[in-house]
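A.B. asks: A predicted structure for the sequence below; I have some questions about it.
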Amino acid sequence: MQTQDRPLLDVRGLGVDFRTRDHERLTAVKDVSISVAAGGSLAIVGESGSGKSVSMRALLGLLPQNATVHGSATWNEGTSSTELVGLPARQFQAIRGRKIGMVFQNAMQALNPTIPLKRQLTEHLRWHSACTRAEAEKRAIRALGDVGIPEPERRIRMYPFQLSGGMRQRAMIAMALVAEPRLLIADEPTTAVDVTVQKQILDLLVDLRDRGTAVVMVTHDLGVARYLCEDVVVLYSGQVMESARLGEALDRPVHPYTKGLLGSALDLGDPSPLRPIGGNPPDLVDRPPGCAFQPRCVDDDGARCAEPQELITVGATREVRCWRSIDE
């Protein structure tokens, strides 16, 4: 493969297991493969507990000690490649923040409430960029202004609790961007903000994408995914159920779970009643022997669905973990 054809991030067969207090193995992520091109945008969607955030934290070495990560995650930059799975902590520090930034789901928990924004943004920048204290402050103020925080020179001296929810979320994005990473992972960045602020944050991410920053959006909101992303991966029970170009997947879904997600989402102006997915996700300690979605699937076929399902290539750009996808 030519260097220019390699994805910026190439994840193959990613798995994450946790050891419980009872010494049982909980498989949170199983055989997940994704790729993100330089300047590309990917949505990872699914219900809470589907493995979205765990997958992304695994790539950055941010899981607790009882986690075991398998598979491969290759970071490609120029002619060099770095394997992220199993990377020593010291080497991870050169990747995390500087090359891959992450916006966490809850800004109030991710930001230290006892430390002013200035210190939180400049320490992060000085660690990676080795710039002077004065230059770090200038760049941090500029980053706050770039994400739409008014009076950044004054706000940077405030504590997180002195900011509104929307401003805290913007400050989180500024912290992730201040070192100018090539890839930004945004984990539910519009959680707990009103619709107006949500639109502003999404417009900011679109602008970053258009300026060449690759974006991975972790979300359960299909409307958010459609607004920002070109490609989508649908996760359920830690497995990829469907991956495709986003418009193709949302306009013509194939996997029953993708159809269920769309049916349970409110579409403004559509008078059709909501059709929530019945049942609950499976126990990750005691997974179903066949398709993970079988107990909730309205198209359950019995014997064939009770067998393990492999990803099937459908068309040029779509993969679906369902034997019915061949017919569809």
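C.D. replies: Nice, I can see it.
A.B. asks: so residue 171 is in which element?
C.D. replies: helix 165-177 (DSSP states H and E).
A.B. asks: the stretch 151-300 of the chain: helices as residue ranges?
C.D. replies: 152-155, 165-177, 195-210, 222-228, 246-251, 256-263 (DSSP state H, counting those that start in this stretch).
A.B. asks: relative to helix 165-177, how tilted is the longest one?
C.D. replies: Direction vectors for helix 195-210 and helix 165-177, defined by axes from the mean of the first three to the mean of the last three C-alpha atoms, to 10 degrees, enclose an angle of 20 degrees.
A.B. asks: then the last one?
C.D. replies: Compare the direction of helix 256-263 with that of helix 165-177 by the same axes, to 10 degrees and you get 140 degrees.
A.B. asks: do you know the pLDDT at residue 49?
C.D. replies: On pLDDT, residue 49 comes in at 90.
A.B. asks: and it, how many neighbours?
C.D. replies: A count of nearby residues for residue 49, using other C-beta atoms under 10 Å, gives 17. Placement of C-beta: from N, CA and C, glycine included.
A.B. asks: next one: residue 162
C.D. replies: 13.
A.B. asks: what's the separation between it and residue 116?
C.D. replies: 9 Å (C-beta to C-beta, to the nearest Å).
A.B. asks: before we move on, what about residue 260?
C.D. replies: Residue 260 is 45 Å from residue 116, by C-beta to C-beta.
A.B. asks: still on that earlier bit, by contact count, what packs against the helix holding residue 171?
C.D. replies: Secondary-structure packing of helix 165-177 (3 or more C-beta pairs under 8 Å, 6 or more residues apart in numbering; DSSP states H and E): strand 100-103, helix 107-110, helix 117-129, helix 133-146, strand 183-187, helix 195-210.
A.B. asks: ok, and the closest non-adjacent residue to residue 61?
C.D. replies: Distances taken as C-beta to C-beta, 6 or more residues apart in numbering put residue 92 closest to residue 61, at 4.5 Å, once the chain neighbours are dropped.
A.B. asks: buried set for whichever helix or strand the one you found is part of?
C.D. replies: Using DSSP H and E, residue 92 sits in helix 89-95. Across helix 89-95, burial judged by 16 or more other C-beta atoms under 10 Å covers 92, 95.
A.B. asks: residues in contact with it?
C.D. replies: 60-61, 75, 82, 84, 87, 127-128 (C-beta atoms under 8 Å, 6 or more residues apart in numbering).
A.B. asks: restricting to C-alpha, output the lowest-mean-pLDDT helix or strand in the chain in CSV.
C.D. replies: The least trusted helix or strand in the chain, going by mean pLDDT, DSSP states H and E, turns out to be helix 107-110, with a mean of 74. Extracted in CSV, the C-alpha atoms of helix 107-110 (Å, rounded to 0.1, in the frame of the first residue of the first chain):
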residue,chain,number,x,y,z
ALA,A,107,-16.8,18.6,30.8
MET,A,108,-17.4,19.3,34.5
GLN,A,109,-15.9,16.0,35.4
ALA,A,110,-13.1,16.1,32.9
